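*Asks:* Take a look and give me a structure for this.
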Amino acid sequence: MRIARLCGLLLFAGTSFAAQAKMVQRPVEWTLDGTRFHSVLVYDDATTAKRPGLVMVPNWYGINEAAVQKAEMIAGRDYVILLTDMYGAGVRPQQGNADQAKAAVKPLYGDRALMRKRIDEALAQLRAQVASAPIDAGKLGAIGFCFGGSAVLDLARSGADVAAVVSFHGGLTTDDPALAKHIKARVLAMNGADDKGTMPDADKFMDEMRASPADWQFVVIGNAVHCFTEVGENSPGCRYDERAATRSYRLMHDWLDHAFAGTN
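*Replies:* Sure, this is the predicted structure:
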């Protein structure tokens with residue numbers, strides 16, 4: 001009876017602690033070239049254990065509630081994530097408004113040096129959170145989705161000192177293939193086999209990676225089109241696919257685990 005009562009108390013204490021724990025959403029702001037950026041640091045405060053830190057760049061709709069929920073899902077107790085504003089605080093495309101999103105990404109696709117400068121600054125801002133968040137400074141990486149995939153691939157091309165980058169259904173093009181010689185990160189890119197927007201560039205991307213010193217992998221996910229991790233998307237060329245999403249997240253975790261551990 002005493003043991004049962006003790007087990008009950010421990011269970012209650014554990015339940016109470018879990019109830020008190022929550023996903024932290026902390027604003028992180030900075031100014032670059034006169035533009036103010038408003039990003040969000042996301043992590044679970046149920047544990048104070050140090051964990052890897054990730055820069056996460058969302059799809060072309062930028063930071064919104066859907067992006068925050070996705071960051072929380074990925075972060076769990078595994079990572080601290082800086083959900084990164086690439087546009088500036090004054091630019092927030094409405095979810096589902098492709099015209100607004102296209103206008104937001106156009107200056108960055110048109111000036112890849114600017115894109116690299118902004119994503120490099122985001123990494124610097126993640127490093128700056130080490131003193132106030134449970135981040136293992138020796139284990140940093142980046143993940144990105146659609147436009148965000150393009151951004152994190154450019155982070156790798158900039159020579160950033162990160163263990164790994166992972167691109168989900170991201171754009172594969174670059175303004176300068178020679179930049180790949182600077183890559184230090186392990187690079188994982190995952191694209192749908194039927195993605196009409198990105199797959200035409202696959203051969204050039206692989207040639208770029210072959211000419212780099214990178215440890216890289218390009219995964220083509222069968223029967224998937226663009227946006228396969230984007231819940232709610234359901235058009236012929238941009239469609240969520242639960243099976244493809246689940247597989248890609250599993251590949252991401254494996255890639256990051258090995259990169260952070262320095263194993264094959």
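*Asks:* where does Lys22 land on pLDDT?
*Replies:* Looking at Lys22, its pLDDT stands at 86.
*Asks:* now the strands for the chain?
*Replies:* Assigned by DSSP state E, the chain shows strands spanning 23-32, 35-44, 51-57, 80-83, 135-145, 164-168, 186-192, 216-221, 234-235, 238-239.
*Asks:* mind checking which of those strands is nearest Phe260?
*Replies:* Smallest distance to Phe260 across the strands of the chain (CB to CB): 4.3 Å, for strand 135-145. Bear in mind the C-beta positions are built from the backbone N, C-alpha and C, glycine included.
*Asks:* coming back round to it: just put the strands of the chain in CSV and tack on mean neighbour count.
*Replies:* Shown next, in CSV, are those (neighbours: other CB atoms under 10 Å):
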stretch, mean neighbour count
strand 23-32, 14
strand 35-44, 20
strand 51-57, 27
strand 80-83, 26
strand 135-145, 22
strand 164-168, 29
strand 186-192, 25
strand 216-221, 16
strand 234-235, 10
strand 238-239, 18
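*Asks:* Dump those strands to TSV, plus distance to Arg127.
*Replies:* Output for these, formatted as TSV (distance: least, CB to CB, whole Å):
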stretch	distance to Arg127
strand 23-32	12
strand 35-44	12
strand 51-57	8
strand 80-83	10
strand 135-145	7
strand 164-168	16
strand 186-192	19
strand 216-221	24
strand 234-235	38
strand 238-239	34
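*Asks:* of these, which approaches Leu153 most closely?
*Replies:* So among the strands of the chain, strand 164-168 is nearest, using CB to CB, at 5.3 Å.
*Asks:* Now do that closest one against strand 135-145: the angle between them, please.
*Replies:* Computed with axes from the mean of the first three to the mean of the last three CA atoms, to 10 degrees, the direction of strand 164-168 lies at 30 degrees from that of strand 135-145.
*Asks:* Touching strand 164-168 from outside, list them.
*Replies:* Residues outside strand 164-168 that contact it (CB atoms under 8 Å, 6 or more residues apart in numbering): 141-146, 148-150, 152-153, 155-156, 185-190, 228-229, 248, 252, 255-256, 259-260.
*Asks:* go again using 6 Å as the cut-off
*Replies:* Contacts to strand 164-168, defined as CB atoms under 6 Å, 6 or more residues apart in numbering, come from residues 141-145, 149, 152-153, 156, 185-190, 229, 248, 252, 256, 259.
*Asks:* cool, and stretch 217-237?
*Replies:* 168-169, 188-190, 192-197, 206, 238-241, 244-245.
*Asks:* again, only using 8 Å
*Replies:* 59, 66, 70, 145-146, 168-169, 187-199, 202, 205-206, 209, 238-241, 244-245, 247-249, 251, 255.
*Asks:* Which among the strands of the chain is found nearest to Gly110?
*Replies:* Closest approach to Gly110 among the strands of the chain (CB to CB): strand 35-44, 15.9 Å.
*Asks:* Near Ala98, how many other residues are there?
*Replies:* Using other CB atoms under 10 Å, Ala98 has 13 neighbouring residues.
*Asks:* Report the contact partners of it.
*Replies:* Going by CB under 8 Å, 6+ apart, the list of residues near Ala98 is empty.
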